[in-house]
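S.K.: from the sequence below, what's the structure:
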Amino acid sequence: MSEGASTSIDIGEIQRRIPHRYPFLLVDRAEDYRPSQSIVGIKCVTINEPFFQGHFPDYAVMPGVLIIEAMAQTGAVLMSKSLDVDPAGKTILFTSVDNCRFRQPVRPGDVLRMNVRVLRARGGLFKFEGRALVGDKTAAEAEFAAMLVETPNS
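M.R.: Numbering: from 1, shown residues only. Prediction:
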């Protein structure tokens with residue numbers, strides 16, 4: 001990447017790089033992109049999220065599995081951009097999660113920052129370390145992996 005090049009990724013590029021859409025797209029933008037190294041995904045959590053209707057109505061908490069999914073989507077954006085994936089014939093699938101810990105609830109009004117870094121990359125298989133933060137507090141952390149796969153033409 002050349003000096004002074006943008007390290008931000010807007011929602012339009014995210015939607016070109018991964019297939020997720022509302023209500024399952026859990027990354028609003030990304031910043032600090034470093035090819036094949038790291039990225040920071042941003043999710044602005046609002047009371048309008050559909051999962052808050054049932055989790056939990058009287059004390060809205062973002063489901064932990066969706067925090068992990070948001071980290072995985074952030075990793076997929078990093079992979080897609082680093083490998084310059086053509087989404088017409090390939091997709092990135094989440095393959096594993098290890099050492100997952102939930103540290104504090106994520107609530108409406110929070111801005112979730114997913115710090116994701118590559119631990120290993122070989123071809124179309126990446127292993128990541130992720131940490132989801134609200135402010136300076138860790139909400140969740142995990143190691144996870146994803147792989148690039150061919151998709152059938154529709």
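
S.K.: please make it C-alpha for all contacts and neighbour counts, starting now.
M.R.: Noted.

S.K.: what's stretch 20-32 in contact with?
M.R.: 7-11, 14-15, 38-44, 49-50, 66, 69-70, 73-74 (Cα atoms under 8 Å, 6 or more residues apart in numbering).

S.K.: report the buried members of these.
M.R.: Using 16 or more other Cα atoms under 10 Å as the burial test, those include 9, 14, 38, 39, 40, 41, 42, 43, 69, 70, 73, 74 as buried.

S.K.: the contacts of stretch 20-32 in helices, which ones?
M.R.: Among those, DSSP state H puts 11, 14, 15, 66, 69, 70, 73, 74 in helices.

S.K.: from these, pick the one nearest residue 54.
M.R.: Minimum distance to residue 54 across the ones in helices among the contacts of stretch 20-32 is 13.8 Å, recorded for residue 66 (Cα to Cα).

S.K.: which stretches of this protein form strands?
M.R.: Ranges of strands in the chain, per DSSP state E, are 29-34, 38-44, 90-102, 111-122, 125-134, 137-150.

S.K.: looking at the chain, which residue lies furthest from center?
M.R.: For the chain, the largest distance from the centre (Cα atoms, centre = their mean) belongs to residue 58, which lies 27.3 Å off.

S.K.: list phi and psi for that one.
M.R.: Main-chain dihedrals, residue 58, degrees, to the nearest 10: phi -90, psi -10.

S.K.: lovely, talk soon.
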